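S.K.: Turn this into a model:
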Amino acid sequence: QVQLVESGGGLVQAGGSLRLSCAASGRTFASYAMGWFRQAPGKEREFVAAIRWSGNSTEYADSEKGRFTISRDNAKSTVYLQMNSLKPEDTAVYYCASSRYSARYNLLQANRYDSWGQGTQVTVSS
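M.R.: Numbers count the residues shown, from 1 in each chain. Prediction:
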């Protein structure tokens, strides 16, 4: 397993941008797919984006396509989520997680991830 720490959340106006980071510890970071999920108050945790170990293959939730970009730097053991054109409905706690799976079907499911960060709050004001 890897240990994950998110950062970069905050308060932003609608239409603004934020870049989340997730730093991983452990020597096996490059062998994991990484995902971002979010959870708003009173709602279930939902998939946002995922990136496979090589960094060349990504998956996105339909609502985030074109606005969010996931990337990773295996040399720095860090995964990023660039969020543009933010909307109030993007307000949530954002979590990064690691997975041993690579198929899209698995990467969309939270129970396919075995390590999670503590989360970082993103608040988008209207």
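S.K.: Just to check, residue 107 is in contact with residue 98?
M.R.: No - with contact defined as C-beta atoms under 8 Å, residue 107 does not reach residue 98; the gap is 11.0 Å. The C-beta positions use only the backbone N, C-alpha and C, and glycine is treated the same way.
S.K.: Mutual contacts of those two, please.
M.R.: Counting by C-beta atoms under 8 Å, 6 or more residues apart in numbering, the residues touching both residue 107 and residue 98 are 33, 35.
S.K.: for residue 25, what are its contacts?
M.R.: Taking C-beta under 8 Å, 6+ apart, one finds 2, 3, 77 in contact with residue 25.
S.K.: check contacts around the first one.
M.R.: When the contact criterion is C-beta under 8 Å, 6+ apart, the partners of residue 2 are 24, 25, 26, 28, 29, 32, 77, 98, 115.
S.K.: Swap in 7 Å and give it another go.
M.R.: 24, 25, 26, 28, 29, 32, 98, 115 (C-beta atoms under 7 Å, 6 or more residues apart in numbering).
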